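Visitor: one predicted model, sequence on top.
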Amino acid sequence: DSCDRQGRNDLQVNHWVVQMPHLVDAYLFYCEQDTSGDGLPLIEELPNEPVTPASIAKIELVDIFSRRSATLALCPNNLFPNETLIYHGCLGCSPVYPTISISIRTLAAFRQSHRTCPHFTIQAQCKALRHLHHVSALSTTLSI
């Protein structure tokens, strides 16, 4: 691998930058679906779609109190997998080939927790999610 850590980080950032206008539009559409007025639209149970070339296969969907694997059909007008994930109320942990996605509700809960306690870090949130979903740190480390 000729890339160093800085090069890999720059590549990831560049992938996010290219997608950002599309992700903003997808998020604004997601927010329009809010019928309760709390800023968090209800996420309906997503049916497992058959795997096709235009699908995100076996992605892990993580919410505060649930975790499951799903296959999501890509929306026809979306260029990036994360656009489709946002449409379904999640954001992938990787810009190009996400295998894990975190629900926007979970990210909103973290944001509020961090606002009230700036010492509460994303690492602490991830550890809490691991405990809630009974995922050992060793299995997480080995899968990275």
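Guide: That came through, no problem. Everything quoted here is computed from the prediction, not taken from an experiment. Numbers count the residues shown, from 1 in each chain.
Visitor: drop to CA atoms for contacts and neighbour counts, all remaining ones
Guide: Noted.
Visitor: quick one: the helices in the chain?
Guide: Applying DSSP state H to the chain gives helices spanning 5-32, 81-87, 104-116, 122-132, 137-143.
Visitor: burial of residue 95, as a residue count?
Guide: A count of nearby residues for residue 95, using other C-alpha atoms under 10 Å, gives 19.
Visitor: swap that for residue 73, sorry
Guide: 20.
Visitor: hang on, it packs against residue 56?
Guide: Yes - using C-alpha atoms under 8 Å, residue 73 is in contact with residue 56, at 6.4 Å.
Visitor: can you tell me which of the helices of the chain is packed in deepest?
Guide: helix 81-87 (a mean of 25; mean count of other C-alpha atoms under 10 Å).
Visitor: just the CA trace of that helix, in CSV.
Guide: What follows is helix 81-87, C-alpha atoms only, in CSV (Å, rounded to 0.1, in the frame of the first residue of the first chain):
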residue,chain,number,x,y,z
PRO,A,81,-25.2,4.9,-1.3
ASN,A,82,-25.3,7.4,1.6
GLU,A,83,-28.1,9.3,-0.2
THR,A,84,-30.2,6.2,-0.1
LEU,A,85,-29.3,5.6,3.5
ILE,A,86,-30.3,9.1,4.5
TYR,A,87,-33.6,8.6,2.6
